[in-house]
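J.: Need coordinates for the following:
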Amino acid sequence: MNTPRWYAVRTRSRAEKVVQEQVAQRGVESFLPLMMRVSLWKDRRKRVEWPLFPGYCFARFSGDQRLLVLQSPGVVEIIGSAVGRAEPIPDHEIIAMQRVVLSRQLYEPHSHLTEGMVVEVLRGPLMGLRGKLVRKTDGCRLIVAINLIGQGASIHIDAQDIAPVGSSLLSVP
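T.: Numbers count the residues shown, from 1 in each chain. Here you go, the predicted structure:
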């Protein structure tokens, strides 16, 4: 029962990076998916890193480290389905999100959708990744989600590079 698991940590507004640093300083593995965003000022534009999921950071810890995380500055709570009861995130969801961030392809935040076909990427840097397929005006998008917080990332993908789970051919409606 003391095996480290991934959890979603809700943070104070704009405290995601502080929470990631504080949790890491306490010896707990953390993950904060970031995206590039253009900020506009009167005199200039600047590209800045911004949390993909504002208000959330992810931490991998065991039960005896829970208090360390909760006492970190900027932490509001550890997310769970019941009050006071943290619910772990499946490892494969965090690994998938880490692969999206490391892929160097453009991605953006996307609210988790319940409809859509579950697909698997057949080739490229995201090969083997599973997610939901969504059609948009710019083509196909793959949604990789953290189900517990109802959030995910949307990444552009070529229709030829994906197939429905359990199939070797793509069949997009």
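J.: what's the closest non-adjacent residue to residue 70?
T.: residue 78 (6.6 Å; Cβ to Cβ, 6 or more residues apart in numbering). The way it works is simple: take the backbone N, C-alpha and C, and place the C-beta from them, glycine included.
J.: Residue 77 - how many residues pack around it?
T.: The local packing of residue 77 (other Cβ atoms under 10 Å) involves 13 other residues.
J.: That one: what's it in contact with?
T.: The contact partners of residue 77, taken as Cβ atoms under 8 Å, 6 or more residues apart in numbering, are 9, 10, 70.
J.: Which helix runs longest in this protein?
T.: Taking DSSP state H as the criterion, the chain has its longest helix at helix 91-102.
J.: I'd like to know which elements that one is packed against.
T.: strand 5-11, strand 29-31, strand 139-146, strand 151-157 (3 or more Cβ pairs under 8 Å, 6 or more residues apart in numbering; DSSP states H and E).
J.: re the thing from before, show me what contacts the residue nearest to residue 70?
T.: For residue 78, counting by Cβ under 8 Å, 6+ apart, the contacting residues are 7, 8, 9, 10, 66, 69, 70, 86.
J.: Could you list the low-pLDDT ranges of the chain?
T.: Counting by pLDDT under 70, the chain shows low-confidence ranges at 1, 81-83, 111-115, 136-139, 160, 166-173.
J.: Which parts of it are helices?
T.: 16-25, 66-70, 91-102.
J.: Got the domain ranges for the protein?
T.: 5-78, 91-164 (automatic domain parsing).
J.: measure the last one end to end?
T.: It stands for domain 91-164. 22 Å (Cα to Cα, to the nearest Å).
J.: and what of the first one?
T.: Between the opening and closing residues of domain 5-78 lies a distance of 12 Å (Cα to Cα).
J.: and the residue nearest to residue 51 when sequence neighbours are not counted, what does it touch?
T.: Using Cβ to Cβ, 6+ apart and skipping residues adjacent in sequence, the residue nearest residue 51 is residue 16, 4.3 Å away. If a contact means Cβ under 8 Å, 6+ apart, then residue 16 has 32, 51, 54, 55, 56, 57, 74 as its contacts.
J.: Would you check how far apart the residue nearest to residue 70 and residue 58 are?
T.: 10 Å (Cβ to Cβ, to the nearest Å).
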